[in-house]
Structure formats: structure tokens, C-alpha cells
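Colleague: sequence unknown, structure follows:
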């Protein structure tokens, strides 16, 4: 939680807001952020788009991208991060940053993607970054590690 606290402090200092879109992490990522006192000043909220259809209907991931690549793909993570900024707009103003997770926690593969295949998207303005992860471990270990790696990706954006 130390990194989450540092990130909330940095977002607060910079007056930036964040919105989170999660698939395999199922709310763990936004929960980590909102566990920090004062997070309400910067965290707009989170969306768990576990089904592929919700990635399209809620977050705006194009049907053709999902049809061509499936829900576990770098383009999907990037589009989820961009889409959640707009979805969680307040008074027509999008969140400054979108953070997303999509992947396979296991134990079984999803399509051609093996467990531990994960993509984290971070979007701020026109800058959309995607981090590819190839993790090992149990379902729980993979999901926990994705939360840590997502926070690290957010830190990299803020530090960059």
C-alpha cells in the first residue's frame, strides 16, 4: 500500500484525477488506491469489465479490435484506459488518467493466451502506454502482481 499512498499523494499534489478499468483484477486495483486516506480527492472510481462485451459497450473498445485479437491484447488495454477516462467523466470533464488491466489469471488459458499473459494500459491525454507482463504463479499471485505492476506503470507515467 506504500506505493498506492505515494501515488495518491502525487496525484493530489498535481491535481490529477484517475479512473480505473479492470478485468482480471476484478476491483483489486481500485481497492488498493481507495484504501489510502484522501484518495477521494483524486480517484474517480473503477469499472470491472470482466466480460468481453462490456469492454466494448462500456469502455468503447471497438468490436473489430476484440474480434481480431480477443480481450487480452495490448490494443484492448490501451483502449480500456482511454475509454474509462471518458466513462467516469464528471460534468463532462474526463478523468486525467485512465489505468486498465486485461489478461489471463488462470488456471486455464483464454483462447490462445496462456495464464500470466497480462496487459496494463495507462492513458493521459493522447499519451497511451501499454505494459506487457508475462507472470507465473497461482491465480491469486498473478492478480496481486498485476496490481503491483499497474501501480508501477502509473508511477512511471507520473515520473516520466
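Modeller: Nice, thanks for sending it over. All of these numbers come straight from a predicted model, not from anything done at the bench.
Colleague: Beyond the helix or strand hosting residue 30, next helix or strand please.
Modeller: Using DSSP states H and E, the element containing residue 30 is helix 28-34. Going down the chain from helix 28-34, the next helix or strand is strand 43-48, by DSSP H and E.
Colleague: For the helix holding residue 30, which residues meet the burial criterion?
Modeller: By neighbour count with 16 or more other C-beta atoms under 10 Å, helix 28-34 contains the buried residues 28-30, 32-34. For glycine as for every other residue, the C-beta is placed from the backbone atoms N, C-alpha and C.
Colleague: One more: stretch 81-94?
Modeller: Buried residues in stretch 81-94 (16+ other C-beta under 10 Å): 81-85, 87-88, 94.
Colleague: quick one, strands of the chain?
Modeller: 18-22, 43-48, 97-103, 117-124, 127-134 (DSSP state E).
Colleague: Contacts for whichever helix in the chain runs longest next, please.
Modeller: When the chain is scanned for its longest helix (criterion: DSSP state H), the result is helix 139-159. Applying C-beta atoms under 8 Å, 6 or more residues apart in numbering, the external contacts of helix 139-159 come out as 3-4, 6-7, 10-11, 14, 18, 24-26, 28-29, 32, 97, 99, 101, 103, 105-107, 115-116, 118, 120, 122, 124, 127, 129, 131, 133, 135-137.
Colleague: ok, residue 75 - how many residues close by?
Modeller: 17 (other C-beta atoms under 10 Å).
Colleague: Tell me who's in contact with the residue most central in space within the chain.
Modeller: Centroid check for the chain by C-alpha atoms, centre = their mean gives residue 100 as the closest residue, at 1.5 Å. By C-beta under 8 Å, 6+ apart, residue 100 lies in contact with 20-23, 59, 77-78, 80-81, 84, 120-123.
Colleague: what bridges to it?
Modeller: residue 21, residue 121 (DSSP bridges).
Colleague: And the buried ones among the contacts of residue 100, selectable in PyMOL?
Modeller: To isolate the buried members of these in PyMOL, using 16+ other C-beta under 10 Å:
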select buried, resi 20+21+22+23+59+77+78+80+81+84+120+121+122+123
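Colleague: can you redo the contacts of residue 100 as JSON lines with pLDDT?
Modeller: As requested, these are exported to JSON lines (pLDDT from 0 to 100):
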{"residue": "20", "pLDDT": "99"}
{"residue": "21", "pLDDT": "99"}
{"residue": "22", "pLDDT": "98"}
{"residue": "23", "pLDDT": "98"}
{"residue": "59", "pLDDT": "98"}
{"residue": "77", "pLDDT": "98"}
{"residue": "78", "pLDDT": "98"}
{"residue": "80", "pLDDT": "98"}
{"residue": "81", "pLDDT": "98"}
{"residue": "84", "pLDDT": "98"}
{"residue": "120", "pLDDT": "98"}
{"residue": "121", "pLDDT": "98"}
{"residue": "122", "pLDDT": "98"}
{"residue": "123", "pLDDT": "98"}
